[in-house]
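> the following comprises the amino acid sequence and a computationally predicted model.
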Amino acid sequence: MNNVRNFCIIAHIDHGKSTLADRFLEMTGTVSKREMKEQLLDSMDIERERGITIKLQPARMSWQGYELNLIDTPGHVDFNYEVSRSLAAVEGAVLLVDATQGVQAQTVANLYLAIEQNLTIIPVINKIDLPNAQVEKVKHEITQLLGCDEEEILSASGKTGAGVEKVLQAIIDRVPAPKPGEDNFLRALIFDSRFDEYRGVVAQVRVFDGQLKAGDKINFLSVGKETEVLEVGYFNPKMVKAPFLKSGEIGYVVTGLKEISLCRVGDTIAPAGQKVQPLAEYKEVKPMVFAGLFCKEGDMYPKLREAIEKLKLNDASLSYEPENSNALGFGFRCGFLGLLHLEVIQERLRREYNLDLIVTVPSVAYQIDLKNGKNIIIKSPQELPAPEAIEKIFEPVMAVDIFSPKEYLGSIMQLVSQKRGLYKNTEYLDENISVLHYNVPLTGLLVDFYDKLKSVSSGYASLNYDFLGYEQTDVIRLDIMVADDKVEALSTLVYRDEAFQVGKKIVETLKDTLPRQQFVVKLQASVGGKIIAGERISALRKDVTAKLYGGDYTRKRKLLEKQKKGKKKMMQIGHGRVDIPPEAFLAVLKR
């Protein structure tokens, strides 16, 4: 156990975590040059396309007689639950800071998560090979943040490999070896899992006490389910079968379980029939954004249910419950940590499970005090009670930290005030970098806040947020009608004083994205049955007079009148329904 080191890499998004992990794998000879490719640990297509890490990924390396267990983590705020799970399985963390961008919001947020777990922190400045690298300035920021000496800070380049060997040596020298357990009984923490069609649930585990091998009878403590281990092994970074996993090691367990709900992330694996104290479970994650997922084809609902169950196993921060809509049929009301999380889940369902989905407009969870004394939580506009039954409505508010150079403070403050943000105070990391603290309603952060923040700060500002609590607000339900049919998926809750602007923006967006039909399509936004905004999409008109030659004007007029009556009849007998394509829903989401 003394030659084992468990560590993870934490950083702000795009500070080079995956690239540094590539150099580790290359330098330790874990992956041959022939097999090497960029972002090797980012196994999903969507990760490679977007250049971001979405899933934590373990890998075991051997170097100078030591076993190094690495967990590569995401950097985006929407995936910090993945980071917290990684930290619970290791003893040390490499804190990576981009030499061109310095300390940013998620750098600090992830650092605090690591400090809470009492991990050893190794500060590393990355991308020192870039011409605009400001190594001394970033060193000063890190010393201010950590209170460490400049000599403790390492410099490296994940791209060229410069300084990477020193980082590996620091991991061996500074990260403590796993502590042996108090007894010999098996205790292992499940920090991630996935479903294999042939072998059932495969759990990724950190063994804290005892050892685990194929044939062992084990018990999942939180659900009380017993099973037999089919196989154990480690990640290299592919799965490699091993005779056993001993105390202090990270690897995988093939459980053979076919019921996905029995293998929960954060659960403790113990010997069957043995009374063992469970390891501390993860905090229950709180979804922040809710949206309905429905299949375009009604008979695909069982496939959607199975797909979401499997995704839940692979993504513990996803929550879901069945939902039935009069217009959209059976589906699920899902909870996400943010809009990027929603986008990623939607894309994974489409790619991995071949599902064509309708996604309703995202909303947040509102707390409502009713006049009869009851309190309820609503997660969709359709659940909003009648106005006469409501006493008070409360919305979720986030504590927001914005890191930015001083020169952009004015434009950032103006943006946050537009989003109903309440200013708290400003801190300064040094003479150039400031940290603005605000309380902002979650609805203000939902759609385009991050993009606008990057825009007004020339890309320099960064953002972190945490749930603060609920505050009273005044919201109403806004309905959208297309060709006189109410489209439930586009209903949304808006502030009363912004209803007209939001309604007008949605109908204008639909006018630009919906395809033209053979008849005029009315687009309307309404509140409580009252139309507050409207647009029209003009009809496609076939040239019915093209075949005419000669004759007087009355023949042409007769054909045009016949066409007009036909379009009117289409509307009356119900052929005037408009199929709304996914692009239109997405355009409204990103309005």
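Nice, thanks for sending it over. Numbering: from 1, shown residues only.
> please make it C-alpha for all contacts and neighbour counts, starting now.
Fine.
> what's the neighbour count on residue 511?
For residue 511, the count of nearby residues is 20 (other C-alpha atoms under 10 Å).
> which residues touch it?
When contacts are counted by C-alpha atoms under 8 Å, 6 or more residues apart in numbering, residue 511 is found next to 523, 535, 536, 537.
> change it to 7 Å
Counting by C-alpha atoms under 7 Å, 6 or more residues apart in numbering, residue 511 touches residue 537.
> just say helix, strand or coil for it.
helix (DSSP: H, G, I helix; E, B strand; the rest coil).
> now do it, the pLDDT please.
pLDDT, residue 511: 85.
> helix, strand, or coil at residue 160?
Per three-state DSSP, the local secondary structure of residue 160 is coil.
> number of nearby residues for it?
Residue 160 has 14 nearby residues by other C-alpha under 10 Å.
> out of everything not next to it in sequence, what's closest to it?
Counting by C-alpha to C-alpha, 6 or more residues apart in numbering, residue 160 lies nearest to residue 129, which is 7.5 Å off, once chain neighbours are set aside.
> all helices of the stretch 401-550 of the chain, in order?
In chain order, the stretch 401-550 of the chain shows helices spanning 409-418, 442-446, 449-456, 499-513, with DSSP state H, counting those that start in this stretch as the criterion.
> pretty sure the residue nearest to residue 160 sits against residue 158.
No. The pair residue 129 and residue 158 fails to qualify as a contact (C-alpha atoms under 7 Å) at a distance of 9.1 Å.
> on the three-state scheme, the residue nearest to residue 160 is what?
Following three-state DSSP, we place residue 129 in the coil state.
> is it fair to say residue 93 lies in a helix?
No. The secondary structure assignment for residue 93 gives strand rather than a helix, going by three-state DSSP.
> how close does it get to residue 10?
Using C-alpha to C-alpha, to the nearest Å, one obtains 7 Å as the distance from residue 93 to residue 10.
> those two: who's more crowded?
Relative neighbour count places residue 10 above the other of residue 93 and residue 10, with 32 against 27, counting by other C-alpha under 10 Å.
> ok, for the more buried one, nearest residue in space, not its chain neighbours?
The spatially closest residue to residue 10, leaving aside those adjacent along the chain, is residue 95, at 5.2 Å (C-alpha to C-alpha, 6+ apart).
> what sits against residue 496?
Residue 496 makes contact with 474, 475, 476 under the criterion C-alpha under 7 Å, 6+ apart.
> what's the answer for residue 100, then?
Going by C-alpha under 7 Å, 6+ apart, residue 100 touches 132, 133, 134.
> now the residues you listed in TSV, with pLDDT, neighbour count and secondary structure?
Formatted as TSV, the entries for the contacts of residue 100 read as follows, by pLDDT from 0 to 100; neighbours: other C-alpha atoms under 10 Å; DSSP: H, G, I helix; E, B strand; the rest coil:
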residue	pLDDT	neighbour count	secondary structure
132	87	11	coil
133	86	18	coil
134	87	17	coil
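> turn the residues you listed into CSV, including distance to residue 499.
Formatted as CSV, the contacts of residue 100 follow (distance: C-alpha to C-alpha, whole Å):
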residue, distance to residue 499
132, 46
133, 47
134, 47
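> going by residue numbers, what spans are strands in the stretch 1-150 of the chain?
Secondary structure of the stretch 1-150 of the chain (DSSP state E, counting those that start in this stretch): strands located at 4-11, 57-63, 66-72, 92-98, 120-126.
> and of the helices of the stretch 401-550 of the chain, who's closest to residue 227?
helix 442-446 (42.6 Å; C-alpha to C-alpha).
> so the residue nearest to residue 10 touches residue 7, yeah?
No. Here residue 95 lies out of contact with residue 7, judged by C-alpha under 7 Å, at a distance of 10.6 Å.
> next one, pLDDT for the most centrally placed residue in the chain please.
Centroid check for the chain by C-alpha atoms, centre = their mean gives residue 341 as the closest residue, at 2.3 Å. Per-residue confidence (pLDDT) for residue 341: 80.
> next: the one 4 residues further on.
We note a pLDDT of 85 for residue 345 in this prediction.
> swap in residue 447?
The predicted structure scores residue 447 at 67 on the pLDDT scale.
> one more: residue 376?
91.
> what pairs with it across the strands?
Legend: beta-bridge partners of residue 376 under DSSP bridges are residue 368.
> ok, it - contacts?
For residue 376, the contacting residues are 367, 368, 369, by C-alpha under 7 Å, 6+ apart.
> residue 210 versus residue 234, what's the distance?
Noted for residue 234: a distance of 16 Å to residue 210, by C-alpha to C-alpha.
> how close does residue 431 get to residue 143?
If you go by C-alpha to C-alpha, the gap between residue 431 and residue 143 works out to 14 Å.
> what number of residues lie near the closest residue to residue 2 other than its chain neighbours?
Distances taken as C-alpha to C-alpha, 6+ apart put residue 177 closest to residue 2, at 5.4 Å, once the chain neighbours are dropped. When counting by other C-alpha under 10 Å, one arrives at 18 neighbours for residue 177.
> same deal with residue 372?
Residue 372 sits with 9 neighbouring residues when counted by other C-alpha under 10 Å.
> so it is in which element?
For residue 372, there is no helix or strand it lies in under DSSP states H and E.
> what's it sitting at in phi/psi?
Its backbone dihedrals place residue 372 at phi -90, psi 10, with angles given as degrees, to the nearest 10.
> quick check, pLDDT for the closest residue to it other than its chain neighbours.
The shortest distance from residue 372 to any residue other than its chain neighbours is 7.8 Å, reached at residue 389 (C-alpha to C-alpha, 6+ apart). Reading off the per-residue confidence, residue 389 sits at a pLDDT of 89.
> could you point out the longest strand of the protein?
In the chain, with assignment by DSSP state E, the single longest strand is strand 390-405.
> who has more neighbours, residue 431 and residue 143?
Neighbours per residue (other C-alpha under 10 Å) separate residue 431 from residue 143, with residue 143 holding more: 16 against 8.
> do you know how far the more buried one is from residue 151?
In terms of C-alpha to C-alpha, residue 143 sits 10 Å off from residue 151.
> what's the offset of stretch 417-432 from the middle of its chain?
Per C-alpha atoms, centre = their mean, to the nearest Å, the displacement of stretch 417-432 from the mean C-alpha position of its chain is 25 Å.
> for that stretch, which positions count as buried?
Taking 16 or more other C-alpha atoms under 10 Å as the basis for neighbour counts, the residues of stretch 417-432 that come out buried are 419, 421, 422.
> still on that earlier bit, tell me which of the strands of the stretch 1-150 of the chain sits nearest to residue 295.
Ranking those by distance to residue 295, with C-alpha to C-alpha as the measure, places strand 57-63 first at 30.7 Å.
> that closest one packs against which elements?
In this structure, strand 57-63 packs against strand 66-72, strand 231-235, with contacts taken as 3 or more C-alpha pairs under 7 Å, 6 or more residues apart in numbering; DSSP states H and E.
> quick one: the helices of the stretch 401-550 of the chain as CSV, columns for distance to residue 529 too.
As requested, the helices of the stretch 401-550 of the chain are exported to CSV (distance: least, C-alpha to C-alpha, whole Å):
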stretch, distance to residue 529
helix 409-418, 28
helix 442-446, 24
helix 449-456, 30
helix 499-513, 13
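> ok, residue 494 - contacts?
475, 476, 477, 478.
> among those, which are in strands?
Taking DSSP E as the definition of strands, those contribute 475, 476, 477, 478.
> neighbour-wise, which one of the residues you listed leads?
Taking other C-alpha under 10 Å to define a neighbour, the member of the ones in strands among the contacts of residue 494 with the most is residue 478, carrying 24 neighbours.
> return the distance of that one relative to residue 467.
Taking C-alpha to C-alpha as the measure, residue 478 and residue 467 are separated by 26 Å.
> tally of neighbours for residue 374?
Other residues within reach of residue 374 by the criterion other C-alpha under 10 Å amount to 10.
> quick one: pLDDT of the closest residue to residue 357 other than its chain neighbours?
In space, not counting the residues next to it along the chain, residue 357 is nearest to residue 295; the distance is 4.7 Å by C-alpha to C-alpha, 6+ apart. Confidence at residue 295, expressed as pLDDT, is 85.
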